[in-house]
Each structure stands twice: as C-alpha cells, then as structure tokens.
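> make a model of this:
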Amino acid sequence: IVMPRVWQFVVTNVAADGEEVIWLYDSVRYGAAYLTLVVLYALLYGWLPDIPQRVATVLPGALIGAGLWVAAAATLSYTLRTAGKLVLIYGSFAGVVATLVFLYVSATTLIYGAEINAVIRERKLQPQPKPKPKPSGPLPATD
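Okay, here's the model as predicted:
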C-alpha cells in the first residue's frame, strides 16, 4: 500500500536511469523489508518468552535474523527466477514446494535470531569468577 507511493516519490525526485533505477528500487525494497522485519522480530522476541525482555537484549537477534531472512529471500527469489521450467515439469506442485521451502527458511531465520539472543543472555547471566585476594603479608625478599 505504501511502497508504490514511496517509489513514485523516489522516481520523480531522483535523476537516475537504467541500472541505477533498478539498483535504487532493489535497495529501497530490501531496506524497507529489513527494517520492517527488525521491528517485527524484536516485537516477537520481546513478547513470546515468559521472562521480561529489554530492547537491548532482543535487538541483536532481530538484526541478524532479519538480515538472514532478507538474504535468504533474495537468494530464493533469484533461484526460482533462474531455475528454468519448473512449472512446466512439475505444474502447480512446484509452487507448493517453493512456498514450503520459503516458510521453512523464514522459520529458521526466526529461530536462529532467538538462539543468538539466548546465547547472549546466558553469557551475561553466567557468574563471573571472583578475583583472587591479594596476599596480605610481607612480600618475599628478592635478590
């Protein structure tokens, strides 16, 4: 709903043509997807666990998970565009399999980001070793 209007604004106000327009379009598209996913992943990571979360504890996983999702979506899109005649060979079954693969990759990136947050949280909660006390007697004589 919003992106066509944003794209119209960008095209009318930026003097670019050819490859630059395609690069600009892809940058805006993937950048908007990344920012949206960071917000959604951070909300999910903050809301789903049964323990209180802060923004600083959920943001690393959200950033990495969203980045992985955008990279995986771009890779899957490129693969399906260049895969040839999958629809001619497999018919509508190819669409079902592609959708299932996309959902699997999406769930994997969500879980991977949550695992990163869990590892960071565990490392912060580990007890730090106590420093050894300094000896409180006279120092030994040295020659």
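
> could you use CA atoms for every contact and neighbour count after this?
Will do.

> what helix or strand is the most centrally placed residue in the chain located in?
Centroid-nearest residue in the chain, with Cα atoms, centre = their mean: Ala66, separated by 1.9 Å. Counting by DSSP states H and E, the element that carries Ala66 is helix 55-82.

> pull out the buried positions in that helix.
Buried residues in helix 55-82, counted by 16 or more other Cα atoms under 10 Å: 57-70, 72-73, 76.

> which helices and strands sit right next to the helix or strand bottoming out on mean pLDDT in the chain?
For the chain, counting by mean pLDDT, DSSP states H and E, helix 3-13 ranks last in confidence among helices and strands (a mean of 76). Applying 3 or more Cα pairs under 8 Å, 6 or more residues apart in numbering; DSSP states H and E, we find helix 3-13 packed against no helix or strand.

> pull the residues that contact that helix.
With Cα atoms under 8 Å, 6 or more residues apart in numbering as the test, helix 3-13 has contacts from Val21, Tyr25.

> alpha carbons only: can I get that helix in CSV?
Extracted in CSV, the C-alpha atoms of helix 3-13 (Å, rounded to 0.1, in the frame of the first residue of the first chain):
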residue,chain,number,x,y,z
MET,A,3,5.6,1.3,-1.3
PRO,A,4,4.1,2.3,-4.7
ARG,A,5,3.7,5.8,-3.4
VAL,A,6,7.2,5.9,-1.9
TRP,A,7,8.5,4.5,-5.2
GLN,A,8,6.6,7.1,-7.2
PHE,A,9,8.1,9.9,-5.0
VAL,A,10,11.6,8.5,-5.4
VAL,A,11,11.4,8.2,-9.2
THR,A,12,10.0,11.7,-9.6
ASN,A,13,12.6,13.3,-7.3
